[in-house]
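Peer 1: Quick one: sequence and predicted model below, then my questions.
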Amino acid sequence: MTEKNVPAGPRIRVALLGCGRIAKNHFDALAKLPGLQLVAVCDIIAERAQLAGTQYDVPWFTSYEQMLSDVPSDAVIIATPSGLHPQHGILAAKAGRHVISEKPMAISLAAADALVQACDDHHVHLFVVKQNRLNPPIVLLKRAIDRGRFGRIYMANCTVRWTRPQDYYDQAPWRGTWEFDGGAFMNQASHYVDLVQWLVGPVESVMAKTATMARRIEAEDSGAAVLKFRSGAIGVIEVTMLTFPKNLEGSITILGEKGSVKIGGTAVNKVEHWTFADYDDDDKLVEQANTNPPSVYGFGHEGYYRNVESVLRGNALPDTDGRAGRKSLELILGIYESAKTGRDVPLPLRVNI
């Protein structure tokens with residue numbers, strides 16, 4: 001299929017659906033990119049839509065359909081609860097808009113596939129926001145892997161030790177529900193699940209345990225998964241939202257026969273260990289790659305939108321499209337399937353969960 005591109009010259013018009021917690025990162029990124037223009041916002045909570053519309057001097061709506069009908073745009077950012085991303089993205093695709101979906105793109109593979117199919121059918125691009133791939137330390141780590149500096153990779157570890165108190169979940173009734181949100185793996189740690197499979201390669205099977213130990217939510221607040229990669233490497237993902245008293249760590253560690261690297265900080269923003277048998281000029285860039293973002297969302301949204309603009313102009317391929325976003329979703333669902341059944345779950349999944 002061939003997607004429609006936006007010709008060079010006019011600014012790319014972007015509307016946003018869902019003015020909640022993550023929306024500010026999108027607004028801030030758009031404001032820094034002269035080639036993109038926020039043209040409208042929408043939220044079912046009128047006060048929130050009005051506040052964003054007033055602040056950014058654009059029309060605001062409480063009806064998504066009305067925004068799509070009344071305001072011409074080239075793309076729509078979907079920043080609603082995760083379980084609603086597919087239906088909102090499909091509506092945008094049917095209206096001829098490119099779709100920029102916050103992570104995860106869906107909470108089931110069937111819904112993810114429906115969104116991909118709708119975007120294909122209507123010749124629009126589907127982007128899934130995975131901005132942590134653009135953190136400078138992660139860019140260095142990816143380059144080291146691609147250059148073969150680790151030799152054979154033996155072990156990979158992701159650790160997400162964050163805090164989400166009960167009042168975080170109580171702020172909205174959809175948080176922590178299976179229908180609209182999922183738990184710590186699906187929501188808070190989804191970037192880390194994406195990173196480990198993107199960096200180390202396809203996962204052959206997964207074994208996992210999850211638990212809801214302290215929060216009054218349907219889904220899990222903590223869990224651990226053991227991965228077997230097709231390469232033979234072993235991986236571990238540890239996730240909890242119960243760290244006392246605040247976010248402690250969001251890290252990934254790769255151990256190979258000729259290199260060991262840990263990218264840590266609270267959200268993979270700091271090189272904590274970087275050792276290789278052989279020198280590379282990238283070693284001189286390690287110190288300056290460290291950042292200190294004000295939140296776990298980091299600074300990656302701006303870089304992500306630079307790629308979106310290049311793709312929509314026909315000058316680049318997407319950093320993460322719908323099919324790339326589906327890979328990490330499949331791994332998360334494999335983790336849940338293992339936790340539910342107690343079995344080692346092979347990937348790709350044999351059922352369309």
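Peer 2: On my side now, so go ahead.

Peer 1: Provide a list of residues in contact with the residue nearest to residue 162 when sequence neighbours are not counted.
Peer 2: Among residues not flanking residue 162 along the chain, residue 247 sits closest, at 4.5 Å (CB to CB, 6 or more residues apart in numbering). C-betas here are computed from N, CA, C, even on glycine. Counting by CB atoms under 8 Å, 6 or more residues apart in numbering, residue 247 touches 161, 162, 163, 266, 296.

Peer 1: Mind picking the lowest-pLDDT entry from those?
Peer 2: Among the contacts of residue 247, residue 296 carries the lowest pLDDT, at 69.

Peer 1: domains for this structure, by residue range?
Peer 2: According to the TED database, the chain comprises the domains 12-131, 132-273+319-346.

Peer 1: Run the chain-centre distance for the shortest one.
Peer 2: A distance of 15 Å separates the C-alpha centroid of domain 12-131 from that of its chain, computed with CA atoms, centre = their mean, to the nearest Å.

Peer 1: how distant is the longest helix seen in the chain from the center of its chain?
Peer 2: When the chain is parsed with DSSP state H, its longest helix is helix 322-341. From the chain centre to the centre of helix 322-341 is a distance of 13 Å (CA atoms, centre = their mean).

Peer 1: still on that earlier bit, columns distance to residue 281 on top of the domains of the chain, output as CSV?
Peer 2: Formatted as CSV, the domains of the chain follow (distance: least, CB to CB, whole Å):
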stretch, distance to residue 281
domain 12-131, 26
domain 132-273+319-346, 11
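
Peer 1: can you tell me which of those comes nearest to residue 301?
Peer 2: domain 12-131 (3.9 Å; CB to CB).

Peer 1: Between the two ends of the closest one, how far is it?
Peer 2: 20 Å (CA to CA, to the nearest Å).

Peer 1: quick one: average confidence on it?
Peer 2: Mean predicted confidence for domain 12-131 is 97.

Peer 1: Ok, stretch 245-265 next?
Peer 2: The model assigns stretch 245-265 a mean pLDDT of 97.

Peer 1: quick one: the residue nearest to residue 162 from residue 161, how far?
Peer 2: 7 Å (CB to CB, to the nearest Å).

Peer 1: so which strand or helix has residue 30?
Peer 2: helix 23-31 (DSSP states H and E).

Peer 1: Not counting its own residues, what contacts the next helix-or-strand element following that helix?
Peer 2: Next along the chain after helix 23-31, taking DSSP H and E as the criterion, comes strand 36-42. If you take CB under 8 Å, 6+ apart as the criterion, strand 36-42 is touched by 11-19, 23, 27, 30-31, 49, 52-53, 56, 58-64, 67, 70-73, 305, 308-309.

Peer 1: Could I have the ChimeraX command that selects the buried members from the residues you listed?
Peer 2: In ChimeraX, a selection of the buried entries from the contacts of strand 36-42 looks like this (16 or more other CB atoms under 10 Å):
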select :12,13,14,15,16,17,18,19,23,27,30,49,52,53,56,58,60,61,64,67,71,73,305,308,309
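
Peer 1: From the contacts of strand 36-42, which land in strands?
Peer 2: 12, 13, 14, 15, 16, 17, 60, 61 (DSSP state E).

Peer 1: Export those residues as TSV, with columns for distance to residue 121.
Peer 2: Output for these, formatted as TSV (distance: CB to CB, whole Å):
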residue	distance to residue 121
12	22
13	22
14	22
15	21
16	24
17	20
60	30
61	26
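
Peer 1: of those, closest to residue 149?
Peer 2: Nearest member of those to residue 149, counting by CB to CB, is residue 12, at 37.3 Å.

Peer 1: Quick check: the closest one vs residue 134, distance?
Peer 2: Distance from residue 12 to residue 134, by CB to CB: 19 Å.

Peer 1: And residue 349, by the same measure?
Peer 2: 28 Å.

Peer 1: Look at these two and report which has more neighbours.
Peer 2: Using other CB atoms under 10 Å, the more surrounded residue of residue 349 and residue 134 is residue 134, with 20 against 14.

Peer 1: tell me the contacts of that one?
Peer 2: 300, 303, 304, 319.

Peer 1: follow-up on the earlier one: got the phi and psi for the residue nearest to residue 162?
Peer 2: Note on residue 247: its backbone torsions stand at phi -50, psi 130 [degrees, to the nearest 10].

Peer 1: Touching, residue 266 and residue 243? I think so.
Peer 2: No - assessed by CB atoms under 8 Å, residue 266 is found out of contact with residue 243, at 10.3 Å.

Peer 1: Please say which of the two ends up with more neighbours.
Peer 2: Neighbour totals were compared for residue 266 and residue 243, and residue 266 leads with 20 against 15 (other CB under 10 Å).

Peer 1: Who are the contact partners of the more buried one?
Peer 2: Counting by CB under 8 Å, 6+ apart, residue 266 touches 162, 247, 248, 249, 250, 296.

Peer 1: try residue 300
Peer 2: Residue 300 touches 131, 132, 133, 134, 135, counting by CB under 8 Å, 6+ apart.

Peer 1: Quick one: neighbours of residue 130, just the number.
Peer 2: 23.

Peer 1: ok, now residue 273?
Peer 2: Neighbours around residue 273, by other CB under 10 Å: 11.

Peer 1: swap in residue 280?
Peer 2: Neighbour tally, residue 280, other CB under 10 Å: 14.

Peer 1: Identify the residue spatially nearest to it, adjacent ones excluded.
Peer 2: Excluding the flanking residues, the one nearest residue 280 by CB to CB, 6+ apart is residue 149, at 6.3 Å.
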